[in-house]
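**Student:** What follows is a protein structure lacking sequence information:
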């Protein structure tokens with residue numbers, strides 16, 4: 001088995017919701033596969049080129065709520081950029097802008 005990439009949360013500003021154990025499993029499973037170097041595809045995950053290269057949106061439905069986890073696949077880590085409730089068909093522009101800003105700050109360090 002290959003190496004497992006760590007998961008890095010980009011910002012102290014990310015508020016992980018109080019998910020149930022069932023919801024946590026729905027979210028942890030695809031993230032674990034990413035850590036193992038596997039690729040996710042629709043409908044579970046989709047590319048987010050508006051945010052940047054290697055950026056994706058994990059799509060989770062739990063407790064009648066649609067959640068999104070914006071992440072980037074780096075060579076050495078899975079970078080979690082944002083977690084939010086999806087309320088509209090399009091990703092809000094303020095979420096895209098926040099993600100770009102966080103990634104730019106992360107890439108400078």
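**Tutor:** Great, that's in hand. Since this is a predicted model, take the numbers as computed values, not measurements.

**Student:** which stretches of the protein aren't confidently modelled?
**Tutor:** 1-2, 11-18 (pLDDT under 70).

**Student:** what are the ranges of the strands in it?
**Tutor:** For the chain, strands defined by DSSP state E occupy the ranges 7-9, 45-47, 55-62, 65-73, 78-85.

**Student:** With distance to residue 37 and mean neighbour count added, can I get these in CSV?
**Tutor:** Where C-beta positions appear, they are placed from N, C-alpha and C, glycine not excepted. Putting those into CSV (distance: least, Cβ to Cβ, whole Å; neighbours: other Cβ atoms under 10 Å) gives the following:
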stretch, distance to residue 37, mean neighbour count
strand 7-9, 13, 14
strand 45-47, 14, 16
strand 55-62, 14, 18
strand 65-73, 9, 20
strand 78-85, 10, 20
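
**Student:** among the ones you listed, which is nearest residue 36?
**Tutor:** strand 78-85 (10.1 Å; Cβ to Cβ).

**Student:** contacts for the closest one?
**Tutor:** Here strand 78-85 makes contact (Cβ atoms under 8 Å, 6 or more residues apart in numbering) with 5-11, 14-17, 31, 34-35, 51, 55, 65-73, 95, 98-99, 102-103, 106.

**Student:** Alright, calling it a day.
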